[in-house]
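S.K.: give me a 3D structure for the following:
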Amino acid sequence: MEELLTQMKIQVNEKVFLKDPDSSEIGRKIINNSILLIDEIGFEEFTFKKLGLEIGSPESTIYRYFENKHKILLYLTIWYWSWLEYRLVFGTVNIISLNEKLNTAIKLLVEPIQEDSDFSHINEVVLNRIVISESAKSYFTKKVGVDNKDGVFKVYKRLVQRVGDLVLAINPDFEYPNMLISTVIEGAHQQRYFAQHLPKLTDVRPGKDNITEFYTNMVLSSIYDKK
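M.R.: A predicted model of the protein is given here:
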């Protein structure tokens, strides 16, 4: 835990890149502009040719860092989950009360994202929009088993387990901690997407974060109803 708190460089599974983009200025430029371009045009329309035009470099430069655009999406989602884990550990490390710690953890998982000045080459607010709308495409693929074997989803699974362990610390008899927390994360993302694009499918109200409130209540009700 202490190592995670002091490690300001977010580590990403080396299986998803050919050369670490965080090791050079052009690599960081690739990541920064990938985020902005995917947010603007969507992952389906995103290509290395379009990215090359954005960064003023040929496609061959990008191919030195990533094999294909799926690997870039994996990189972005892994970076996001690693960053969120960092925030989770940092935000709960000094909280003694298990109930308060769980409440804080849930809020960190589902509340609107604020930009983090510690990582200047990545806009976390924009990246969050990509995770909400595009991250499922990183694992709804025929190669998900291969990626999983390579440890690509290790950080996401560890994040879920961290919060699941808090659930079990409060109620050791609760049978579905990981199912509950993964549902909270994915469900909150879906509700934020609905709120923006299909508002009739949600109950978001102006001036109130109904999504955070809903999932906090859902977790606490599920845990305590089973005690």
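S.K.: from the chain's centre, how far out does whichever helix in the chain runs longest sit?
M.R.: Of all the elements of type helix in the chain, the one with the most residues (DSSP state H) is helix 69-92. In terms of Cα atoms, centre = their mean, to the nearest Å, the gap separating the centre of helix 69-92 from the centre of its chain is 5 Å.
S.K.: equivalent analysis for stretch 19-38, please.
M.R.: For stretch 19-38 - counting by Cα atoms, centre = their mean - the centre lies 17 Å from the chain centre.
S.K.: buried set for it?
M.R.: Residues of stretch 19-38 classed as buried: 21-22, 26-38 (neighbour count, 16 or more other Cβ atoms under 10 Å). C-beta: built from backbone N, CA, C; applies to glycine.
S.K.: before we move on, back to that, average pLDDT across the longest helix of the chain?
M.R.: Average pLDDT, helix 69-92: 96.
S.K.: please apply the same query to stretch 119-135.
M.R.: For stretch 119-135, the mean confidence score works out to 92.
S.K.: for stretch 220-227, same thing?
M.R.: Averaged across stretch 220-227, pLDDT comes to 78.
S.K.: repeat that for stretch 165-175.
M.R.: Averaged across stretch 165-175, the pLDDT comes to 96.
S.K.: correct me, but residue 170 touches residue 223?
M.R.: Yes - distance between residue 170 and residue 223: 5.8 Å, which falls inside the contact criterion (Cβ atoms under 8 Å).
S.K.: who's more crowded, those two?
M.R.: Each of residue 170 and residue 223 has its neighbours counted (other Cβ atoms under 10 Å); residue 223 has more, 20 against 17.
S.K.: what about the nearest residue to that one once chain neighbours are set aside, how many neighbours?
M.R.: On the basis of Cβ to Cβ, 6 or more residues apart in numbering, the spatially nearest residue to residue 223 that is not a chain neighbour turns out to be residue 171, at 4.8 Å. By the measure other Cβ under 10 Å, the count of residues near residue 171 is 16.
S.K.: is residue 171 in contact with residue 221, as I believe?
M.R.: No - taking Cβ under 8 Å as the contact criterion, residue 171 and residue 221 are not neighbours in contact, 11.8 Å apart.
S.K.: this protein: helices as residue ranges?
M.R.: So, for the chain - with DSSP H - the helices run 2-6, 25-41, 48-55, 59-63, 69-92, 98-110, 124-134, 144-149, 154-170, 177-197, 210-225.
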